[in-house]
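Asks: need a structure here:
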Amino acid sequence: MCWDISLHSDIEIVKKAFPSLKDQRRNLNYDLSKMEDVWAWSFPEYPIIYREKATGELALTEMEWGIYPLYLEGKGKTQLEIDTQRRNQVNARSERIVDDAKSIWYRMKSQRCLIPVSGIFEHRKIKTWKKKVPYYIAEKGRDLFYIPGLYQFMEVVDEQGVVEKKGNFAMITRAANDVMAGIHNDGNNKHRMPLFLPESMEKEWLADITPLEMAELFSFQLPSDQLTYTPVFSLRNAVRMDGKHLYEPFDWQGLPPLGNDDPGSVQGSLF
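Replies: Got it, this is the predicted structure:
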């Protein structure tokens, strides 16, 4: 699962990549210091690119991370139960989008979006260590890149009784390449990574593509040498005492190289 993303690049880069983009954001001035680590489990608002159904135009707007489980409404569920299910829907497995007709992702496959990021964070488990080591991962040579996602709009009523349309989204994941498998090496969803695509393929996701063409995108695995990855400081409620950003390298003493998760082992590195 990918639960942490970072946006510390100028959002105006998006408009250069998508010149005809309609900017529908309510907030035009992000505090990038607060977006160095955006955590999915808090259902944060985040800038998302999608294609309007009515006009076919590309638009940039804020949506909340985590698909709201509309199918639970009216079934007597508590807010805690709804939020728990929603946290299971911050990521969408690519394998279920075109092959699992019973999946929510299959039903949403035409509601496609792109998530602009400077990079993502993932945690690595080291044998005998109490804490996992976070890594900052980005596509090599790119200040901003775009991860495919799925979205939905829903109507909500505010405290004044005004009905408004709000969007929420999920990030698409696939089986990990060697580097990401070495980092994301623990948990129920280990050896997964976001659907990283090269710049030449990202815009295809927003085009009028068939399920077969979607499957071809899902089958693409970005080579490990196209990623940069470095250990960073702890993320949760973290403030670096050295004054550096959360995405800047941090020296974890005794950290074994990728491919060897046991500091006491003589096993060689795979990288």
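Asks: Just say helix, strand or coil for residue 55.
Replies: At residue 55 the chain is in coil, as set by DSSP: H, G, I helix; E, B strand; the rest coil.
Asks: wait, I meant residue 203
Replies: helix.
Asks: if I look at it, how far off is residue 167?
Replies: Going from residue 203 to residue 167 by Cβ to Cβ, to the nearest Å gives 20 Å. In short, each C-beta sits where N, CA and C put it, glycine included.
Asks: now swap in residue 248 and tell me
Replies: With Cβ to Cβ as the criterion, residue 248 and residue 167 are 32 Å apart.
Asks: what does residue 6 give?
Replies: 21 Å.
Asks: Look at those two and report which has more neighbours.
Replies: residue 6 (23 against 18; other Cβ atoms under 10 Å).
Asks: That one contacts residue 118, correct?
Replies: Yes - counting by Cβ atoms under 8 Å, residue 118 is a contact partner of residue 6 at 5.0 Å.
Asks: which residues are in contact with both of these two?
Replies: residue 247 (Cβ atoms under 8 Å, 6 or more residues apart in numbering).
Asks: where does residue 156 land in three-state SS?
Replies: Classified using three-state DSSP, residue 156 is strand.
Asks: Against residue 64, how distant is it?
Replies: Taken as Cβ to Cβ, the span from residue 156 to residue 64 is 10 Å.
Asks: got any residues that touch both of the two?
Replies: residue 166.
Asks: So for those two, which sits in the more crowded spot?
Replies: residue 64 (21 against 10).
Asks: Stretch 9-26 spans what distance, first to last residue?
Replies: 19 Å (Cα to Cα, to the nearest Å).
Asks: check contacts around residue 18.
Replies: Neighbouring residues of residue 18 by Cβ under 8 Å, 6+ apart: 49, 58, 60, 203.
Asks: Looking at it now. What's its pLDDT?
Replies: For residue 18, the pLDDT comes out at 96.
Asks: Now do the same contact list for the residue nearest in space to the middle of the chain.
Replies: When Cα atoms, centre = their mean is applied to the chain, the residue found nearest the centroid is residue 171 (4.7 Å). If you count contacts by Cβ under 8 Å, 6+ apart, residue 171 has them with 2, 5, 40, 65, 90-92, 115, 147-149, 194-195.
Asks: Neighbouring strands - and their directions - for the helix or strand that contains it?
Replies: For residue 171, the host element (DSSP states H and E) is strand 163-175. Applying DSSP bridges, strand 163-175 is found paired with strand 58-65 (parallel), strand 91-93 (parallel), strand 145-157 (antiparallel), strand 192-194 (antiparallel).
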